[in-house]
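*Asks:* here are the coordinates; sequence isn't available:
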């Protein structure tokens, strides 16, 4: 799940106050007296003392203003703090305050801050701060979710929610199609695929060469599936795979199953996951298998694509499978893709985020955790209905706070999203973001249940 970058524990870099733009605060002092070298030393000292007092007063006022903003501007952040505390995770505001992070009073322009290695980090919709890489890594270690909004991808797009909205079904209608397709879910196939993904790359961190190779490997695997559709007889689905390039080395990936007909305005159904992984102790060179986070979501979506293509399924709405880059660094890849879709007026029927589908704690009930914050209520209710109709385990509602995974990018861009999770937040895999997030902690039987849910979602949404 979401988070980013290099080691250190000192969070004392100045920050930007909660706002949507960078501001520079300056203090101008005027005096009718002209100070020159003829004035006496006592008079100069008196003037200097007055200036110092003025500046101290200005500093106090500025910090009081910042405190007022942080303390009273965001009811949502307060709710997030309460939710995080109830799950045993530190609340964003409290943890950052405890770390001694300061509000930046005199700021540089955003371009200058980026040049100095700072990133604009959103801890909530109203709390944004300029942080360096070591500070961002501390957020990850403290399990504080965030969105890196430095590039202002979604913020720069005018969202036409009326155009982007698409109807969502309320009850399943295609059980005779879903059930046989879901029965094709293969645990041996998923085991082989995820074993390769989690063992042949030292890390899949988005800035690394091995992370870029992992993207190429996933694209090649999905491309082989698409090629099988191209070689099949006419009348079967047309599939394609492309890499969505970024300014960093690891591209995101979009696999697509075309809809019947030629209407290009039909809304698309999206299954999403993230391909990158992170070792929070050493992101660039530390071993980071990412078997559960998010190898399990990645393999779930690959298996859905394989099944739909190999069985010749032809949807009425196009289906896309997305693997995002840079999720752990603040939802970077998904923000780029969601902003691109919004900018180009692409209608989206719904996004199902698959991030961590392979772990549940021993001795506790196996369930689907249904995330209820930063999602679309109608689409989320439909996912609950799909579980009731197609699964043999129950669902329970949970919350994950601001920007905990890529669904948040789509929600922010005005698209409906839903997020089923491996268990309740707080009971989830404790080994993520370390070298121990390996296959020994993954239940492929649990992954298979999520994969079948994703098949149901893809079929029901695309035939609606």
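*Replies:* Right, received. Where do you want to start? Nothing here was measured: the structure is a model prediction, and the numbers come from that model.

*Asks:* only C-alpha atoms from now on, for both contacts and neighbour counts.
*Replies:* Noted.

*Asks:* distance check, residue 368 against residue 382.
*Replies:* Between residue 368 and residue 382 the distance, using CA to CA, to the nearest Å, works out to 14 Å.

*Asks:* more neighbours: which of those two?
*Replies:* When residue 368 and residue 382 are compared on other CA atoms under 10 Å, the one with more neighbours turns out to be residue 368, at 27 against 20.

*Asks:* in what helix or strand does the more buried one lie?
*Replies:* Under the criterion of DSSP states H and E, residue 368 resides in strand 367-371.

*Asks:* for whichever helix or strand comes after that strand, packing partners?
*Replies:* Read in the C-terminal direction, the helix or strand following strand 367-371 is helix 377-390, with elements assigned using DSSP H and E. Here helix 377-390 is seen to pack against strand 394-398, strand 417-418, helix 444-463 when contacts are counted using 3 or more CA pairs under 8 Å, 6 or more residues apart in numbering; DSSP states H and E.

*Asks:* residue 246: which of those is closest?
*Replies:* Residue 246 lies closest to strand 417-418 among those, at 23.0 Å (CA to CA).

*Asks:* quick check: neighbours of the closest one in the sheet, parallel or antiparallel?
*Replies:* Paired strands of strand 417-418, with direction, are strand 348-353 (parallel) (DSSP bridges).

*Asks:* format the helices and strands packed on helix 377-390 as JSON lines; extra columns: mean neighbour count and distance to residue 280.
*Replies:* Compiled in JSON lines, the helices and strands packed on helix 377-390 are given as follows (neighbours: other CA atoms under 10 Å; distance: least, CA to CA, whole Å):
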{"stretch": "strand 394-398", "mean neighbour count": "17", "distance to residue 280": "25"}
{"stretch": "strand 417-418", "mean neighbour count": "28", "distance to residue 280": "27"}
{"stretch": "helix 444-463", "mean neighbour count": "23", "distance to residue 280": "25"}
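
*Asks:* in the stretch 51-200 of the chain, which spans are strands?
*Replies:* 102-103, 119-122, 128-131, 147-148 (DSSP state E, counting those that start in this stretch).

*Asks:* what's the weakest-modelled helix or strand in the chain?
*Replies:* For the chain, the helix or strand with the lowest mean confidence is strand 14-15, at a mean of 34 (criterion: mean pLDDT, DSSP states H and E).

*Asks:* what are the buried residues along stretch 383-397?
*Replies:* Along stretch 383-397, these residues count as buried under the neighbour rule (16 or more other CA atoms under 10 Å): 383, 384, 385, 386, 387, 390, 391, 395, 397.

*Asks:* do I have it right that the fourth one meets residue 457?
*Replies:* I take that to be residue 386. Yes. Here residue 386 reaches residue 457: they are 7.3 Å apart, a contact under CA atoms under 8 Å.

*Asks:* ok so, going back, and the angle from the strand holding residue 368 to helix 377-390?
*Replies:* With axes from the mean of the first three to the mean of the last three CA atoms, to 10 degrees applied, the angle from strand 367-371 to helix 377-390 works out at 170 degrees.

*Asks:* how far away from the center of its chain is strand 367-371?
*Replies:* 17 Å (CA atoms, centre = their mean, to the nearest Å).
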